[in-house]
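K.L.:
Structure for this input, please:
(2 chains)
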Amino acid sequence: MRDKVVTRVLPVFLLIAAIIVCVAVAAVHNINRSVTGSDWVNHTHSVILEAEALKSDVYLADGALHTFVLTGNPRDESACASALADADEDLEITKALTRNEPAQAQQVADIGGMVGARSAFLNGIMSSRSTGGPDAVRKALSDDAGGAALHRIKGAIERLKNSELELLTERDKASYLQAQTMRYTVWIGVVLDVLLLAASGWLIQDDINARRRLAGALQDANEKLEAKVKERTAELEASNARLTAENLERLWTNQALEHQLRYNNLIVESVSDLVFVLTKALNISRLNPAVTEETGFSATELVGQPLSRVVRAASRTSEDALAEALGASRQLRDCPGLLEDKRGGTRPAYASIVPLRDRDKVVGAVVTVRVDRQAPGPQK
Amino acid sequence: MSKHILLIDDEPMIREILAAALTSKGYRISQATSSSEAMAVAQQDPPHLIVSDLQLEDEDGLAIIAQLKTKLPDVPVILLTGVLFEPKVVRENLSSKISCYLPKTSTLAQIVDAVSRLVN
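P.N.:
This next block holds a predicted model:
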């Protein structure tokens, strides 16, 4: 995707480039026109100068002729001929200079005709002076009294000069207007480029500001996100640590309970006295190995049976005493009784009862039976 | 540098749980299952605290503690055992040999608190 600033600024730069190209083309065109104009001005001045030279040569030839007529000096004749030759040369140059300008060429042609006529006239007078004598010369000069032909030549040359000068004036005006146009073109181009550059600078600055704002917003968002991530990570770590601690605590509790239970079992089972755990109805719910060892009954044979199955009271009174002690939730120690084994034999023993409390309720009892080892063996 | 604690118990599960709990609190743990291992640790890297069981598989925890005390007389000792002693017994029979008695029915938090108190 093209960058937005490129999309916005590129047309402006293209416009600036187009203006620069236009101004450059106009400047080059103007330079070419100036060069051409300068050539034309030089050409026009040459025409004027040649026309002036032509006029001077015609006058010079005319003056030399008059001197020759008066003095008869061949040098003056030669000077007249030379001036006429120069005039012819000037005329030819002027013709050549104006050959591409029909109006001026026509004027020069007219002048050429007049100069040719004047040249023929002067040559005729010089011939008359050499051959015809003073009368013929006088007659020819009288025909030319007032120098009307010279005035016509002069007037024609002046008109040619004036027309050339008018052209120069028009050229100067055109050149001035062209220079002004060029100045306006250059200044307008410069101003437009400056304005467009300022506009593109503003667009770029605006884009930079927008990018800065965006970068700032992005950085803020990132910082907030990082802070949230850190916060969440810390929460998770704390939660994980808490769960780990709880898990360890639970493991520890379980193993402690298991250890304690095993340890307590070990103690109970290692007691040499007979231990019975009774329900509240005086039925056996648990016994230690000493019972099996002493009576021959296995645990499966006795669990669920009444205590009286193996422990009988020595008297009615003592049997009631055990039940009463349990009913009253109190201990009774060394109550005399008889321990009956699996074969039906009995041995004197002492029973103690301790109520089994679960919190504040009596749920059963623990009866320990100590066999009287001093008494004779089992009796049938 | 983290404090070094020597755990003496013959039950791997107990050692593992205690080591995990104390490691998570930043302590460095060494484990031993017998007096010889405990003495080796004490020799190479004297601990800042000893936590010992009482009834080990083949040995008496109090005997191991007495043995260690000859090398490390100033190191505090916690007796952590499943044997439930009466406070009076602890006071009169054990207090001269150990710094603290904790039954194994204590919570881990209580054990860690006792360790922290004695180490610092």
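
K.L.:
mind checking how far the residue of chain B most remote from its centre is from chain A?
P.N.:
The centre of chain B is farthest from one residue, residue B:88, which by Cα atoms, centre = their mean lies 20.8 Å away. Going from residue B:88 to chain A by Cβ to the nearest Cβ, to the nearest Å gives 20 Å. Glycine gets a C-beta too; all of them are placed from N, C-alpha and C.

K.L.:
That residue: what's it in contact with?
P.N.:
If a contact means Cβ atoms under 8 Å, 6 or more residues apart in numbering or on different chains, then residue B:88 has no contacts.

K.L.:
pLDDT (mean, whole number) over stretch A:290-298?
P.N.:
Taken as a whole, stretch A:290-298 carries a mean pLDDT of 93.

K.L.:
Mind exporting the C-alpha coordinates of that stretch to CSV?
P.N.:
Output of stretch A:290-298 as CSV, limited to C-alpha atoms (Å, rounded to 0.1, in the frame of the first residue of the first chain):
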residue,chain,number,x,y,z
ALA,A,290,-2.9,-59.6,71.0
VAL,A,291,-6.6,-60.7,71.0
THR,A,292,-6.0,-63.3,68.2
GLU,A,293,-2.9,-64.4,69.9
GLU,A,294,-4.6,-64.8,73.3
THR,A,295,-8.0,-66.2,72.2
GLY,A,296,-7.4,-67.9,68.9
PHE,A,297,-10.2,-65.8,67.3
SER,A,298,-9.4,-64.0,64.1
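
K.L.:
Isn't residue A:306 up against residue A:283?
P.N.:
Yes: counting by Cβ atoms under 8 Å, residue A:306 does reach residue A:283; the two are 5.4 Å apart.

K.L.:
Counting neighbours, go ahead and name the busier of the two.
P.N.:
residue A:283 (17 against 14; other Cβ atoms under 10 Å in any protein chain shown).

K.L.:
From what I see, the more buried one and residue A:309 are in contact.
P.N.:
No: in this structure, residue A:283 is not within contact of residue A:309 by Cβ under 8 Å, at 9.2 Å.

K.L.:
which SSE is the residue of the stretch 51-200 of chain A found nearest chain B in?
P.N.:
The stretch 51-200 of chain A approaches chain B most closely through residue A:200 (63.4 Å), counting by Cβ to the nearest Cβ. Using DSSP states H and E, residue A:200 sits in helix A:148-269.

K.L.:
which bits of chain B sit near chain A?
P.N.:
Applying Cβ under 8 Å from any Cβ of the partner chain, we find that chain B lies next to chain A at B:11, B:13-14, B:17-18, B:20-21, B:24, B:82-83, B:104-109.

K.L.:
what about the residue nearest to residue A:207 when sequence neighbours are not counted, distance to residue A:197?
P.N.:
The shortest distance from residue A:207 to any residue other than its chain neighbours is 4.0 Å, reached at residue A:5 (Cβ to Cβ, 6 or more residues apart in numbering or on different chains). Note on residue A:5: its distance to residue A:197, by Cβ to Cβ, to the nearest Å, is 15 Å.

K.L.:
tell me the secondary structure for the most centrally placed residue in chain B?
P.N.:
For chain B, the residue nearest the mean C-alpha position is residue B:51 (0.8 Å; Cα atoms, centre = their mean). Secondary structure state of residue B:51, per DSSP: H, G, I helix; E, B strand; the rest coil, is strand.

K.L.:
I'd assumed residue B:18 was in contact with it.
P.N.:
Yes: between residue B:51 and residue B:18 a contact is recorded at 6.9 Å, counting by Cβ under 8 Å.

K.L.:
what do these two both touch?
P.N.:
B:7, B:80, B:111.

K.L.:
how about the strands in chain B?
P.N.:
B:4-8, B:28-32, B:49-52, B:77-81, B:100-103 (DSSP state E).

K.L.:
Turn these into a markdown table, columns for mean pLDDT.
P.N.:
Formatted as a markdown table, the strands of chain B follow (pLDDT from 0 to 100):
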| stretch | mean pLDDT |
| --- | --- |
| strand B:4-8 | 96 |
| strand B:28-32 | 96 |
| strand B:49-52 | 96 |
| strand B:77-81 | 94 |
| strand B:100-103 | 93 |
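
K.L.:
which parts of the stretch 201-350 of chain A sit against chain B?
P.N.:
So the stretch 201-350 of chain A meets chain B at A:241, A:244-245, A:248-249, A:251-253, A:255-257, A:259-260, A:263 (Cβ under 8 Å from any Cβ).

K.L.:
Flag every buried residue along stretch A:155-174.
P.N.:
By 16 or more other Cβ atoms under 10 Å in any protein chain shown, the buried positions in stretch A:155-174 come out as A:156-157, A:160-161, A:163-164, A:167-168, A:171.

K.L.:
Hmm, I typed the wrong one, I wanted stretch A:108-124.
P.N.:
Residues A:108, A:111-112, A:114-115, A:118-119, A:121-122 are the ones in stretch A:108-124 that count as buried (16+ other Cβ under 10 Å).

K.L.:
For the stretch 251-380 of chain A, give me the ranges with low pLDDT.
P.N.:
Applying pLDDT under 70 to the stretch 251-380 of chain A flags residues A:316-319, A:375-380.

K.L.:
Strands of that one, start to end?
P.N.:
A:274-279, A:284-287, A:311-313, A:332-340, A:346-358, A:361-371 (DSSP state E, counting those that start in this stretch).

K.L.:
Pipe these into TSV and attach mean neighbour count per row.
P.N.:
Formatted as TSV, the strands of the stretch 251-380 of chain A follow (neighbours: other Cβ atoms under 10 Å in any protein chain shown):
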stretch	mean neighbour count
strand A:274-279	20
strand A:284-287	19
strand A:311-313	20
strand A:332-340	19
strand A:346-358	18
strand A:361-371	18
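
K.L.:
of all the ones you listed, which lies closest to residue A:55?
P.N.:
Residue A:55 lies closest to strand A:346-358 among the strands of the stretch 251-380 of chain A, at 156.8 Å (Cβ to Cβ).

K.L.:
other SSEs contacting the closest one?
P.N.:
strand A:274-279, strand A:311-313, helix A:316-327, strand A:332-340, strand A:361-371 (3 or more Cβ pairs under 8 Å, 6 or more residues apart in numbering or on different chains; DSSP states H and E).

K.L.:
got the angle between it and strand A:361-371?
P.N.:
160 degrees (axes from the mean of the first three to the mean of the last three Cα atoms, to 10 degrees).

K.L.:
hang on, the earlier thing: now do the same contact list for the residue nearest to residue A:207.
P.N.:
Contacts of residue A:5 (Cβ under 8 Å, 6+ apart): A:203-204, A:207.
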